[in-house]
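Enquirer: Sequence and predicted structure are below.
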Amino acid sequence: MPEWIVNSLDTEGEKYGGPGVVASAAINAFCNLSDSKKKEVLQNYRTKEIEIAYSNKSTDTTRG
């Protein structure tokens, strides 16, 4: 899992009985969504991953 997810999971886990409980609840909630909502959730996740990947972009412009 990406570090930002682990950090969020740890933070929420401290409130709700552990990261396993939070992860299980999140997986269960996702599985119960409609396909259109699943698509939205996954697109939001990918957007976040891309934002993080490019926020650490090197200033070296000699690479493609």
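Expert: Arrived safely, thanks for sending. Please read all numbers here as calculations on a predicted model, not as lab measurements.
Enquirer: Show me what whichever strand or helix holds A25 is packed up against.
Expert: Assigned by DSSP states H and E, A25 belongs to helix 19-31. If you count contacts as 3 or more Cβ pairs under 8 Å, 6 or more residues apart in numbering; DSSP states H and E, helix 19-31 packs onto helix 3-16. C-beta coordinates here come from the backbone N, C-alpha and C atoms, glycine included.
Enquirer: How far off centre is the helix it packs on?
Expert: Its chain's average C-alpha position is 11 Å from that of helix 3-16, according to Cα atoms, centre = their mean, to the nearest Å.
Enquirer: outside of the longest helix belonging to the chain, which residues touch it?
Expert: Ranked by number of residues, the top helix in the chain under DSSP state H is helix 35-55. Identification of contacts with helix 35-55 by Cβ atoms under 8 Å, 6 or more residues apart in numbering yields P2, W4, F30, L33.
Enquirer: For A53, give its distance to G18.
Expert: Taking Cβ to Cβ, to the nearest Å as the measure, A53 falls 29 Å from G18.
Enquirer: Next: E40.
Expert: In this view, E40 and G18 are 28 Å apart by Cβ to Cβ.
Enquirer: N7 now?
Expert: For N7, the distance to G18 equals 15 Å [Cβ to Cβ].
Enquirer: next one: S24
Expert: S24 is 10 Å from G18, where distance means Cβ to Cβ.
Enquirer: more crowded one of the two?
Expert: Ranked by neighbour count (other Cβ atoms under 10 Å), S24 and G18 place G18 first, with 14 against 11.
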